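J.: Starting from these lines, generate the structure:
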Amino acid sequence: MRTIKSKTALPGISKAEVYSSPARKTSELNESSVGYQKLDPAKYGHVIDCQLSDEELAMANDPNVKPFGHISDSAAYVRKIRKASRP
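T.: Presented below is the predicted three-dimensional model:
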């Protein structure tokens with residue numbers, strides 16, 4: 001609850017006004033106002049079957065491989081990709 005004490009802050013108010021805004025929980029902030037049905041992953045999910053080449057399989061199992069390890073400035077990298085993908 002907030003109280004406005006200064007008459008100069010909002011012209012036309014002769015005395016302090018008290019107002020309150022509804023408190024919202026953090027979990028409610030990202031909820032959509034449109035209702036939707038959540039699907040059951042066991043029923044509607046599926047396994048993506050993708051055959052990897054021998055080189056890709058070796059890289060996937062190598063703990064020393066770091067994807068995007070060559071990128072030092074991620075912001076510049078994203079700007080470069082966005083600029084390149086513009087029509």
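
J.: Just confirm Gln51 is within a helix.
T.: No: Gln51 sits outside any helix when classified using DSSP: H, G, I helix; E, B strand; the rest coil, being coil.

J.: Neighbours of it, how many?
T.: Here the number of neighbours of Gln51 (other CB atoms under 10 Å) works out to 6. Using the backbone N, CA and C atoms, a C-beta is placed for each residue, glycine as well.

J.: Compute the distance between it and Leu57, please.
T.: 9 Å (CB to CB, to the nearest Å).

J.: doesn't Tyr77 make contact with Ile71?
T.: Yes: at 4.9 Å, Ile71 counts as touching Tyr77 under the criterion of CB atoms under 8 Å.

J.: distance of Ser85 from Asp73?
T.: Applying CB to CB to Ser85 and Asp73 gives a distance of 18 Å.

J.: just Asp54 next, same as before
T.: Counting by CB to CB, the gap from Asp54 to Asp73 is 33 Å.

J.: Just the CA coordinates for the helix ranked longest in the chain, please, in CSV.
T.: Identified as the longest helix of the chain according to DSSP state H is helix 74-85. Provided in CSV are the C-alpha atoms of helix 74-85 (Å, rounded to 0.1, in the frame of the first residue of the first chain):
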residue,chain,number,x,y,z
SER,A,74,28.8,-13.9,-27.1
ALA,A,75,27.1,-10.5,-27.6
ALA,A,76,29.1,-9.7,-30.7
TYR,A,77,28.5,-13.2,-32.0
VAL,A,78,24.8,-12.9,-31.6
ARG,A,79,24.8,-9.4,-33.3
LYS,A,80,26.8,-10.9,-36.2
ILE,A,81,24.4,-13.8,-36.7
ARG,A,82,21.4,-11.5,-36.5
LYS,A,83,22.9,-9.1,-39.0
ALA,A,84,23.7,-12.0,-41.4
SER,A,85,20.2,-13.4,-41.2
